[in-house]
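Colleague: Okay, sequence plus prediction incoming.
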Number of protein chains: 2
Amino acid sequence: MQKKRTTLKDIARATGVHVSTVSRALDPTERKSITPEVVAKIQAAAERLDYRPNRIAFGLRTNRTMTVGVVIPDITNPIFPPILRGIESVLEPLGYASIIVNTDSEREREIRLLEVLRDRGVDGVIHAAVLRSDPSIAKAAQDGLSVVTLNRRVENSNIPYVINDEDLGICEMLRHLTKLGHRRIAHLAGPQDLSTGQLRLAAFRSAAERMSIEIDPQLIVTAMRFDEDEGARCTRELLASGHDFTAVLCANDRLALGCIDVLRENGLDCPSDISVSGFNDMPFLQLARPRLTTVRIQQYDAGITAASILLRLMNAGADDDIPLETVLPVELLERESTGPVAAQRR
Amino acid sequence: MQKKRTTLKDIARATGVHVSTVSRALDPTERKSITPEVVAKIQAAAERLDYRPNRIAFGLRTNRTMTVGVVIPDITNPIFPPILRGIESVLEPLGYASIIVNTDSEREREIRLLEVLRDRGVDGVIHAAVLRSDPSIAKAAQDGLSVVTLNRRVENSNIPYVINDEDLGICEMLRHLTKLGHRRIAHLAGPQDLSTGQLRLAAFRSAAERMSIEIDPQLIVTAMRFDEDEGARCTRELLASGHDFTAVLCANDRLALGCIDVLRENGLDCPSDISVSGFNDMPFLQLARPRLTTVRIQQYDAGITAASILLRLMNAGADDDIPLETVLPVELLERESTGPVAAQRR
DNA sequence: CGCCAATGTGCAATCGTTTGCATATTCAGT
DNA sequence: ACTGAATATGCAAACGATTGCACATTGGCG
């Protein structure tokens, strides 16, 4: 029932020229081949009739939809909104719109949603939910779809990725804890099929080795998801194991929040009994008490960076060489959840 | 550089029938007019060639993009992600994709983004960022665009809207406070150009009247935005006014969080000195201490409801009568930020 | 055996653009 | 004034689907 919009044909009729002339007059790069006064006439008519180009027809003809897909695990996870705003801040001014889809970290969903995006002819995809080995996205990239991955990377591929300096973050955190006197340090690792989980665990191991801290293998527990429930479960496991520890370095903030809750349930105070650290500095973390010591990652900037790379990818001359890896700096935030190792141990 | 996809024409060539026959064979509602064996042959070919319909071409021909626009103030505000998931949960299975845009509550941005959405030929719009009087969206609806507003409503229009039972929520909160003995109750009102702000203030006034509680006009302070900074500012104003109060009923959670911070800065404990209440029960609120007494609104369900109504609107026979107003139930959550009025007043 | 209705398929136009090519006009140079 | 280039515009074919209509085939029935 939409009131019909004015088309090139309408303008052509109104100005007495051919529709192709109108098309050229309205296209900045083609405009030069048209007499200035007829350009003026056409622009005036376009203005008067309130012409708005039909992007669908444009898309069909040119095979460019000016749309990008953004794949994330779950928009409800607060680290993603800032990323999305970052992406939007570079893409939207250029006329791109984005379609955001949530995979809930389910492989079938991810595959299906990727199909959906391709069906809609997106010009590119920013993917913040890839698995470490992810054939579907690799294949899409192979087929010529422009793809950038964010926060994670798919191995053995030449898909550009933007990640945070996980290594440095973990390393600084570990140094921070040792400086406070901690030696028996547990690690709540993230899911190992996600590159962040895997990277942070590897970073933990290698940093410990470098600093000559002996890590009891029993003190490394792996979560199946990055959420509070898993943080709680892993902490219970840790306590049940009977192995002693004075600090827990968690692979992200949500694990840390779950961890602190369980410690409290068991009469252990954070930080006076046990220190706990997070990773990400997610939004709203400042509401939690004790305020969590964590590693800040650049969420908004990550979005900006990924979008910029995607742009270059989409408009790439083959000449253009796009950086495969971009590592964003991180920052240690010392707050209240970590403190000096207690004098008397439990 | 995309590897070219298979089209109806390819299937037609492969099966030796006309492209229109292929189209019909693949369309469930048209299928019945084609001989079963040729349907089978066509489907087999479609399968074999991995045919995926081109939605762009479909959109151009049928004027249906199977895309809806979702307009929100800011995805970074945690009440929106659940709403979006709710919307997605009904629209995505039906083949719709959504384009989400952030207005940052700026009128020009809102107008421009609405244009963007219309340019892209969205089939409908869910608008959670309208102003109380909003000509641009009213005009769009007039032009035949399907629109539903969410959380807010535009006055003097017949645009269907989904809101929460603000009235009931405020009323129950006020009753809760009075039951605790509070009489001198302040109100941190939201922006009055947003219908939630306006509705909640009106509800506050009328509920107070119904309960015969006298409200000092000086104890009503209006925020310019729904955020912590404004909550803080208004609370300072309240304290500076010198008027006495024992409770602050805030128009939303973020105002309440800002309020509590400022009270604490001034040596006032919540709830033992002053009770504070919020509204929305936004995600991550449970991290805050004291845990905030608030009114839970149904965020996910609001998304579901709005999407369902939009669907009916988009597929409306004129016969179909769509509810103009949907009011979702709310629930009072008594937590720690409200308590009995202190024996000795400051 | 012939006629008509029913059924299945093909034809071609259409949606609104873009774009390679053909054509018409202008203009400069001799 | 005539040729040839340069320049501006028009023509028409795409892009990939849908859909009203025409046509051909079949089968039933008198």
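Modeller: On my side now, so go ahead.
Colleague: which SS class is the residue in chain A that DNA strand C sits nearest to?
Modeller: Nearest residue of chain A to DNA strand C, counting by CB to the nearest atom of the strand: A:Ser20, 2.8 Å away. For the C-beta atoms, the positions are set from N, CA and C on the backbone; glycine is no exception. Under the three-state scheme (DSSP: H, G, I helix; E, B strand; the rest coil), A:Ser20 adopts helix.
Colleague: Local confidence estimate at it?
Modeller: In this model, A:Ser20 is scored at 93, pLDDT.
Colleague: Chain B contacts on the stretch 51-200 of chain A?
Modeller: Listed as neighbours of chain B in the stretch 51-200 of chain A under the rule CB under 8 Å from any CB of the partner chain: A:52-57, A:59-60, A:63, A:65, A:67, A:74-76, A:78, A:81-82, A:84-85, A:88, A:92, A:97-102, A:115-116, A:118-121, A:143-145.
Colleague: and the residues you listed near DNA strand D, which?
Modeller: The subset of these within reach of DNA strand D, by CB under 7 Å from any atom of the strand, is A:57, A:60.
Colleague: The residue of chain A closest to DNA strand C: neighbour count?
Modeller: Residues near A:Ser20, counting by other CB atoms under 10 Å in any protein chain shown, number 11.
Colleague: measure it to A:Ala45 for me?
Modeller: 15 Å (CB to CB, to the nearest Å).
Colleague: A:Arg312 and A:Thr326 touch, don't they?
Modeller: No - the criterion here is CB atoms under 8 Å, and A:Arg312 misses it with A:Thr326 at 11.5 Å.
Colleague: What residues are recorded as beta-bridge partners of A:Val295?
Modeller: A:Leu332 (DSSP bridges).
Colleague: Next secondary structure after the helix or strand encompassing A:Thr196?
Modeller: Secondary structure from DSSP states H and E places A:Thr196 in helix A:195-210. Using DSSP H and E, the helix or strand that follows helix A:195-210 in sequence is strand A:220-222.
Colleague: what packs against that next one?
Modeller: strand A:185-189, helix A:195-210, helix A:228-241 (3 or more CB pairs under 8 Å, 6 or more residues apart in numbering or on different chains; DSSP states H and E).
Colleague: The same query, at a cut-off of 6 Å, please.
Modeller: strand A:185-189, helix A:228-241 (3 or more CB pairs under 6 Å, 6 or more residues apart in numbering or on different chains; DSSP states H and E).
Colleague: Would you reformat the ones you listed as a markdown table and include mean pLDDT?
Modeller: Output for the helices and strands packed on strand A:220-222, formatted as a markdown table (pLDDT from 0 to 100):
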| stretch | mean pLDDT |
| --- | --- |
| strand A:185-189 | 97 |
| helix A:228-241 | 96 |
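Colleague: For A:Asp320, find the nearest of the ones you listed.
Modeller: Distance to A:Asp320, taken as CB to CB, is lowest for strand A:185-189 among the helices and strands packed on strand A:220-222, at 37.8 Å.
Colleague: What strands flank that closest one, and is each parallel or antiparallel?
Modeller: strand A:220-222 (parallel), strand A:247-250 (parallel).
Colleague: and B:Asp216, which of the ones you listed is closest to it?
Modeller: It's strand A:247-250; of the strands paired with strand A:185-189, that one is closest to B:Asp216 (CB to CB) at 48.4 Å.
Colleague: Determine the angle, from 0 to 180 degrees, between whichever helix or strand comes after the closest one and helix A:228-241.
Modeller: Using DSSP H and E, the helix or strand that directly follows strand A:247-250 along the chain is helix A:253-265. Helix A:253-265 runs at 50 degrees relative to helix A:228-241, counting by axes from the mean of the first three to the mean of the last three CA atoms, to 10 degrees.
Colleague: Report the buried residues of the next helix or strand after helix A:253-265.
Modeller: The first helix or strand that comes after helix A:253-265 along the chain, using DSSP H and E, is strand A:275-277. Of the residues in strand A:275-277, A:275-277 count as buried by neighbour count, 16 or more other CB atoms under 10 Å in any protein chain shown.
Colleague: Residues of the stretch 51-200 of chain A that sit close to DNA strand C?
Modeller: A:51-54, A:57-58, A:60-62.
Colleague: which one of the helices and strands packed on strand A:220-222 has the most crowded surroundings?
Modeller: strand A:185-189 (a mean of 26; mean count of other CB atoms under 10 Å in any protein chain shown).
Colleague: ok, for A:Arg64, nearest residue in space, not its chain neighbours?
Modeller: A:Asp123 (5.7 Å; CB to CB, 6 or more residues apart in numbering or on different chains).
Colleague: so how many other residues sit close to A:Gly278?
Modeller: A:Gly278 has 31 nearby residues by other CB under 10 Å.
Colleague: residues contacting it?
Modeller: Taking CB atoms under 6 Å, 6 or more residues apart in numbering or on different chains, we find A:Gly278 in contact with A:250, A:253, A:256, A:292, A:294.
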